[in-house]
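Take a look and give me a structure for this.
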Amino acid sequence: NIVVVTKTMKISKPRTFKFEGVTMTHYFTDNWEKVKNFKAKPDDVVIATYPKAGTTWMSEIVDQLFFGEIRRESSSPSIFDRVPFLEFCEDFQTGTDQIESLLTSPRLIKTHLPVQLVPQSFWEQNCRMIYVARNPKDIMVSYYHFDRMNKIQPDPGAWEEYIDKFNTGQLVFGSWYDHVQGWWEKSRSYSRICYVFFEDMREISRLCSFLGLSPNETQKKEVLRKTGCFNSRFHFPLFPVVPGIVGDWKNHFTVAQNEAFNEEYRKKMKESDLKFKMEI
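A predicted model of the protein is given here:
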């Protein structure tokens, strides 16, 4: 269901708080009992990301790979209805309710939860999970603009303050460093996680293999054509989507901010073998 925000609707910016050690707002915890006890199905496919890491793009790609033949652009529901947001909860509908009402199989489900908060039944049912990781500088820029535009996100404050909030895990869904490394470590012990980098998402052959799909080259190109740019189906008033450009951070970071961030990044990632492309 698409919610149209009118001039008469007043939505106050929410406050953040710590929930299970992770920075959250009530929009992602109000339905927690149902999220925690969610009953997964063995063929569920989960798309997990830190916010602004390419969730909508990957959702479109996976939806097209599974259901492209039956989707007609003129009548297809919004991507936010086709791939519900597990933990999201607002007055009109919860993510868990949306998932329960899905008629497609497999069900495609998105989440921004850090790996330790993912409902246990997804692991018990041996569900396939796609994790999308994106370089932190572009994440930060995209998330900052998102928070400025989005009425259900906290006030981002000044850009200089935002960099500090990012580095100290004060943004919604917590520390990017913990998020990407937590899912990376889990992927070593749980073979049903496909860890994908935003900067490489056009290479979909590995993704197809992971999902047990075998489209031909023409079909792959068609999926990329349909998902390669953001179109009108992505418009959703509560969740403005900003197209992702690799290296756009250079238009926002000063030289001093970039040098300071690089030092912080080295400290926090020194024990990790994860490598991110900051530009292409």
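
Can you say which helix or strand has Met129 in it?
Using DSSP states H and E, Met129 sits in strand 128-133.

Please name the strands paired to that strand in the sheet, noting orientation.
strand 45-49 (parallel), strand 193-197 (parallel) (DSSP bridges).

same for whatever helix or strand comes next after that strand, what does it pack against?
Downstream of strand 128-133, the next assigned helix or strand under DSSP H and E is helix 136-149. Using 3 or more CB pairs under 8 Å, 6 or more residues apart in numbering; DSSP states H and E, the elements in contact with helix 136-149 are helix 159-167, helix 176-189, helix 255-269. No exception for glycine: its C-beta is placed from N, CA and C like everyone else's.

Compare those helices and give me the one nearest Thr227.
helix 176-189 (22.4 Å; CB to CB).

residues in contact with the closest one?
Outside helix 176-189, the residues that touch it by CB atoms under 8 Å, 6 or more residues apart in numbering are 48, 50, 114-116, 131, 133, 136, 139, 166, 169, 173, 193, 195, 268-269, 272, 274.

sorry, back to before: could you pull up the mean pLDDT of the strand holding Met129?
Strand 128-133 shows a mean pLDDT of 98.

Next: stretch 270-280.
The model assigns stretch 270-280 a mean pLDDT of 87.

still on that earlier bit, which entries within the contacts of helix 176-189 meet the buried criterion?
48, 50, 114-115, 131, 133, 136, 139, 166, 169, 173, 193, 195, 268-269 (16 or more other CB atoms under 10 Å).

ok, which pair from those residues is furthest apart?
Using CB to CB, those reach their maximum pairwise distance at Phe166 and Ile193, which is 24.4 Å.

Could I get the pLDDT score of Gly212?
96.

that older thread, identify the residues contacting the strand holding Met129?
With CB under 8 Å, 6+ apart as the criterion, strand 128-133 contacts 44-50, 53-55, 58, 62, 122, 180, 183-184, 187, 190, 192-198, 201, 207, 210-211, 274, 276.

Show me what counts as buried in the lowest-mean-pLDDT helix or strand in the chain.
Within the chain, no helix or strand scores below helix 217-227, which has a mean of 87 by mean pLDDT, DSSP states H and E. If you call a residue buried by 16+ other CB under 10 Å, then helix 217-227 has these buried ones: 219-220, 223, 226-227.

And stretch 115-122, by the same measure?
Quick answer for stretch 115-122 (16+ other CB under 10 Å): 115, 117-119, 122.

what's the answer for stretch 153-160, then?
153-154, 156.

which among those residues gets closest to Asp91?
Out of these, the member with the shortest distance to Asp91 (by CB to CB) is Gln153, at 16.5 Å.

what's the pLDDT at that closest one?
96.

ok, now which ones touch it?
13-14, 25, 146-147, 172.

Quickly find the element holding it.
Residue-wise, Gln153 maps onto no helix or strand under DSSP H and E.

Give the closest residue to Gly174 in space, chain neighbours not counted.
Val22 (3.9 Å; CB to CB, 6 or more residues apart in numbering).

my guess is that neighbour meets Glu87, correct?
No: with contact defined as CB atoms under 8 Å, Val22 does not reach Glu87; the gap is 11.1 Å.

Of these two, which one has the most company?
Between Val22 and Glu87, counted using other CB atoms under 10 Å, the more crowded position is Glu87 (26 against 20).
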